[in-house]
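In: With the input below, show me the fold.
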Amino acid sequence: MGSNFKIAGLTIIFAFMLSMMHLPEWATDYRPDWVALVFIYWAMALPDKVGVTMAWCAGLMLDISHGAILGQYAIGLVIIIYIIHIQHQKLRVCSLLQQAIIILLLLLFNQTLVLWVYGIAGNTPETAFYFMPSLVGALLWPWVFIILRDLRRKFVYRAM
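Out: Numbers count the residues shown, from 1 in each chain. Sure thing, here's the model as predicted:
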């Protein structure tokens, strides 16, 4: 296994930890989808290693950790990663601002899909700020991108 794949796995585990970390009550409405953000980066950077199968497994783990309907988060993450795989070469040449806008749209799509499944089950969102995590995720995207890119470069050059 290459060092890129190892660092990707570690950052995905870290993203899971961030998504399950306890936050103050006022901050829970603003928690970005860390797992989706990290998966999007790695699907852009290593499309041959981080794919839809890995996204499906991670999505199922998210479903279990959030107590959601099995497949609710998984299908959204798979669709996002599939779109990233199709467009990864175009996304790589976009500026960080352009990428953040695209990430916002993808995260909004994911949340809408989750909300749709949630609504089919007869539930309503707990808060009026339901879509805030997508906005926060898009605002954090440039920093997530830079940190993960620097980590990837550091470990690739160290392994050589």
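In: Let me see the contact set for residue 100.
Out: Applying C-beta atoms under 8 Å, 6 or more residues apart in numbering to residue 100 gives the contacts 138-139, 141-142. (Glycine included, C-beta is placed from N, CA and C.)
In: Residue 93: neighbour count?
Out: If you count neighbours by other C-beta atoms under 10 Å, residue 93 ends up with 8.
In: and the helix ranked longest in the chain, what does it pack onto?
Out: Ranked by residue count under DSSP state H, the longest helix found in the chain is helix 132-159. Applying 3 or more C-beta pairs under 8 Å, 6 or more residues apart in numbering; DSSP states H and E, we find helix 132-159 packed against helix 3-20, helix 34-45, helix 96-120.
In: quick one: buried residues of it?
Out: Across helix 132-159, burial judged by 16 or more other C-beta atoms under 10 Å covers 133-134, 136-138, 140-141, 144-145, 148, 151-152, 155.
In: Over to stretch 105-115?
Out: Judged by neighbour count (16+ other C-beta under 10 Å), stretch 105-115 contains these buried residues: 106-108, 110-111, 113-115.
In: tell me the contacts of the residue most central in space within the chain?
Out: Centroid-nearest residue in the chain: residue 36, 0.8 Å away (criterion: C-alpha atoms, centre = their mean). By C-beta under 8 Å, 6+ apart, the contact set of residue 36 is 76-77, 80, 106-107, 110, 137.
In: go on, residue 140?
Out: Listed by C-beta under 8 Å, 6+ apart, the contact set of residue 140 reads 32, 37.
In: roughly how far apart are it and residue 96?
Out: Going from residue 140 to residue 96 by C-beta to C-beta, to the nearest Å gives 11 Å.
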